[in-house]
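Peer 1: Sequence below, structure please.
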Amino acid sequence: MNHALPQVDLLSRTFTQLLSSTRRGARLARLLAVTELRTWGAPQDLTERAELVVAELAANAVLHGLVPGRCFRLTLVFDPAAGRLRVEVTDARGEVYPQPPPADAEPEALHSGGRGLLLVAALADHWDCVPHSPGGKTVRAELSTP
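Peer 2: Predicted structure coming up:
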């Protein structure tokens, strides 16, 4: 009996790192992401957009997802054949989900914050937030090459 075996894309790359929930940890997330993407040979445009997305999501994890004594996790999954990158940032606060401001928000409403997720939405093809067991959340963004 011949059955087709599922094909595993051996060229897909994955990077995961726990980082301290500090400004330094958020900065390190951005630097590690850029270094990893360059090592993988990701296109320059994708790397530059990913750098900004990682910076915003990591900063949000530190600012809004902080639970004292808990880290946040950065995960990158790059599929070079498809030209697709998934960025995931997981923090420990599952009760607080990101809410982007409405697209028609007045500029004054964005003065104290809220621009980060608008930037993520502009740079990524798609982003969302899902629960992460046992008590956190993962914000995911998908980026692709043109």
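Peer 1: Just after the lowest-mean-pLDDT helix or strand in the chain, pick out the following helix or strand.
Peer 2: Comparing helices and strands within the chain by mean pLDDT, DSSP states H and E singles out helix 115-123 as the least confident, with a mean of 90. Elements were assigned by DSSP states H and E; along the chain past helix 115-123, the next helix or strand is strand 126-132.
Peer 1: Could you pull out the buried residues of the least confident helix or strand of the chain?
Peer 2: 116-117, 120, 123 (16 or more other C-beta atoms under 10 Å). For every residue, glycine as well, the C-beta is placed using N, CA and C.
Peer 1: can you list the residues that contact the host helix or strand of A33?
Peer 2: Assigned by DSSP H and E, A33 belongs to helix 23-39. With contact meaning C-beta atoms under 8 Å, 6 or more residues apart in numbering, helix 23-39 is reached by 13, 15, 17, 19, 46-47, 50-51, 54-55, 58-59, 61-62, 71-72, 74, 76, 78, 85, 87, 89.
Peer 1: now could you export just the CA positions of it as PDB?
Peer 2: This file holds the C-alpha atoms of helix 23-39, laid out as PDB (Å, rounded to 0.1, in the frame of the first residue of the first chain):
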ATOM      1  CA  ARG A  23      14.000  47.600  27.900                       C
ATOM      2  CA  ARG A  24      17.300  45.900  27.400                       C
ATOM      3  CA  GLY A  25      15.500  42.600  26.700                       C
ATOM      4  CA  ALA A  26      13.300  44.300  24.100                       C
ATOM      5  CA  ARG A  27      16.400  45.900  22.400                       C
ATOM      6  CA  LEU A  28      18.200  42.500  22.400                       C
ATOM      7  CA  ALA A  29      15.100  40.900  20.800                       C
ATOM      8  CA  ARG A  30      15.400  43.400  17.900                       C
ATOM      9  CA  LEU A  31      19.200  42.800  17.500                       C
ATOM     10  CA  LEU A  32      18.900  39.000  17.700                       C
ATOM     11  CA  ALA A  33      16.100  39.000  15.100                       C
ATOM     12  CA  VAL A  34      18.100  41.100  12.600                       C
ATOM     13  CA  THR A  35      21.200  39.000  13.200                       C
ATOM     14  CA  GLU A  36      19.300  35.700  12.700                       C
ATOM     15  CA  LEU A  37      17.500  36.900   9.500                       C
ATOM     16  CA  ARG A  38      20.800  38.100   8.000                       C
ATOM     17  CA  THR A  39      22.400  34.700   8.800                       C
END
